[in-house]
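In: Sequence unavailable; structure follows:
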């Protein structure tokens, strides 16, 4: 009888151990997402007669892993083992920016490759400097920092650059809520970027008045 109880107990403990391992191996995957808003007001009702190439964003090495990063202080850096990005953050944000630019029709031609639709006039590049959950005992934050540069394609000269940083509180302390707030932060950064690009391209496409006067005088 004791032997039978021992065997049953042994199988039960093995079952519990296996169940625990299976639970530990369960992984959850996440994606950033938002619905782009129209650019309003805007400087030009029509798309600018310009070809812009959106170059794939780069990302700091610490964030290249598929694991979502969380930090508990400025000196600590760690990765979730069971909460992962479904797509690399650099690829996700590049795709979201392309969709945003397409929706608002800021320029006549938007490309991602150099062999598409003629030589670009400008190239938009960017680097994700931080994309992470920042938490402590009291508060959680979603932290996103991205730098952007708009280059004259022919000369390589930067005609615009800016670093965007968003640090937004997370009400519900879960990785899912962090991803939702990071999506909101991406939307905010992209919307501000579109406003900046609208202003830059408007200035670029306007004919200098002084140059016109000089030509007339000649």
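Out: Everything's here; your move. This structure is a prediction, so every number in the text was calculated from the model and none was measured.
In: What ranges does the chain have for its helices?
Out: 2-25, 89-104, 175-205, 209-217 (DSSP state H).
In: what's the closest residue to residue 125 other than its chain neighbours in contact with, if anything?
Out: Excluding the flanking residues, the one nearest residue 125 by C-beta to C-beta, 6 or more residues apart in numbering is residue 55, at 4.6 Å. From N, CA and C alone the C-beta is placed, and that goes for glycine too. Residues near residue 55 by C-beta atoms under 8 Å, 6 or more residues apart in numbering: 112, 123, 124, 125, 126.
In: Most neighbours among the residues you listed, please name it.
Out: residue 126 (25 neighbours; other C-beta atoms under 10 Å).
In: Now the residue nearest to residue 125. Its backbone dihedrals?
Out: Backbone torsions of residue 55, given as degrees, to the nearest 10, read phi -80, psi 140.
In: Quick check: it vs residue 196, distance?
Out: Relative to residue 196, residue 55 is positioned 17 Å away (C-beta to C-beta, to the nearest Å).
In: Which residue comes closest to the residue sitting nearest the centre point of the chain once chain neighbours are left out?
Out: In the chain, the residue lying closest to the centroid (C-alpha atoms, centre = their mean) is residue 93, at 3.3 Å. Nearest residue to residue 93, sequence neighbours excluded (C-beta to C-beta, 6+ apart): residue 57, at 5.6 Å.
In: correct me, but the one you found touches residue 129?
Out: No: using C-beta atoms under 8 Å, residue 57 and residue 129 do not qualify as a contacting pair, with a distance of 10.7 Å.
In: neighbour count winner among these two?
Out: Neighbour tally, residue 57 and residue 129, criterion other C-beta under 10 Å: the higher count belongs to residue 57, 22 against 18.
In: mind listing what the more buried one touches?
Out: So residue 57 contacts 90, 91, 93, 94, 97, 125, 126, 127, 128, 146 (C-beta under 8 Å, 6+ apart).
In: and with 10 Å instead?
Out: By C-beta atoms under 10 Å, 6 or more residues apart in numbering, the contact list for residue 57 reads 88-95, 97, 124-128, 146-148.
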